[in-house]
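J.: What follows is a protein structure lacking sequence information:
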């Protein structure tokens, strides 16, 4: 048997740092799961879950290799990430979910929706495509290699990111937020660097259009007008791959990080799509 045919083992629930937000414990609405992007973590969704938790349960979690969740040495394909998601929704005994993924989280969401179609009522992809980009691995590797971790203290880290990323402060701020104090007192990444590189190798570098064409649920692509990661042409190409189920919108003034930059517009689009397709 080809090793790719063997279902990947999920992390134990205790290894997945997660929480469910709900302002209404009696809500019968289908839960929403939010999947952060590469080098992200659950708290990235603070402006989203706080607006939607009054309507339905919202699950956020640090995906494997990220934040406070387990960081195995290997196992970072979309299938591995999706196995963790299945483990979590089974843990909460949810029959189905609305699923939203940003960037790398969108790749995981595509895989999950394609391979577990009965569990997904609707799919929302935030600036996340299905086409492969072999150059992505070198770009991420070069980006991470620019950062001289560990830092001796937090102020040194801030000075570095403020200066080195002065032409791209949003990326600098995002990377700086991923620096944490370690047990030895130094400041390093809150994620596993090796995990990030393997994630890109098996996710962003690979084409996932076959999975995208299998998706059976209504799908919305939320595209940032200024994004350097996903073009309007790619959005249209994805719609053409699955035209009866896929729609796309562009949020003006947003780049790759749509939901933190334009939270009101993002949340409105997300809520309306879920309302129509719930």
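T.: Good, I have the coordinates. No experiment lies behind these values; they were computed from the predicted model shown.

J.: got the buried residues for stretch 227-237?
T.: Across stretch 227-237, burial judged by 16 or more other Cβ atoms under 10 Å covers 227, 229, 230, 234, 235. In short, each C-beta sits where N, CA and C put it, glycine included.

J.: what's the answer for stretch 7-20, then?
T.: Neighbour-count burial for stretch 7-20, with 16+ other Cβ under 10 Å as criterion, is recorded at 10, 11, 15, 16, 17, 18, 20.

J.: What of stretch 169-188?
T.: Buried-residue list, stretch 169-188, by 16+ other Cβ under 10 Å: 172, 174, 175, 176, 178, 179, 187, 188.

J.: got TSV for the buried residues of stretch 7-20, with pLDDT too?
T.: Formatted as TSV, the buried residues of stretch 7-20 follow (pLDDT from 0 to 100):
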residue	pLDDT
10	96
11	97
15	98
16	98
17	98
18	98
20	97
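
J.: quick check, nearest of these to residue 126?
T.: residue 18 (19.4 Å; Cβ to Cβ).

J.: show me what contacts the closest residue to that closest one other than its chain neighbours?
T.: Distances taken as Cβ to Cβ, 6 or more residues apart in numbering put residue 61 closest to residue 18, at 3.3 Å, once the chain neighbours are dropped. Counting by Cβ atoms under 8 Å, 6 or more residues apart in numbering, residue 61 makes contact with 16, 17, 18, 19, 42, 69, 88.

J.: The residue nearest to the fourth one when sequence neighbours are not counted pairs with what?
T.: It refers to residue 19. Excluding its sequence neighbours, the residue lying closest to residue 19 (Cβ to Cβ, 6+ apart) is residue 60, at 6.4 Å. Following DSSP bridges, residue 60 is listed with bridge partners residue 19, residue 34.

J.: Just to check, residue 60 is in contact with residue 45?
T.: Yes - Residue 60 lies in contact with residue 45 (Cβ atoms under 8 Å); the separation is 5.0 Å.

J.: overlap in contacts of the two?
T.: When contacts are counted by Cβ under 8 Å, 6+ apart, residue 60 and residue 45 are jointly contacted by 34, 36.

J.: where does the residue nearest the centre of the chain fall, helix, sheet strand or coil?
T.: With distances taken as Cα atoms, centre = their mean, the residue of the chain nearest its centroid is residue 105 (2.4 Å). Under DSSP: H, G, I helix; E, B strand; the rest coil, residue 105 falls in the helix class.

J.: what sits against it?
T.: 34, 35, 36, 37, 40, 63, 126, 128.

J.: try residue 11
T.: Counting by Cβ under 8 Å, 6+ apart, residue 11 touches 64, 69, 70, 72, 84, 87.

J.: I'd like the distance between the residue lying closest to it once chain neighbours are set aside and residue 63.
T.: Nearest residue to residue 11 in three dimensions, chain neighbours excluded: residue 70, at 4.8 Å (Cβ to Cβ, 6+ apart). Separation of residue 70 from residue 63 (Cβ to Cβ, to the nearest Å): 10 Å.
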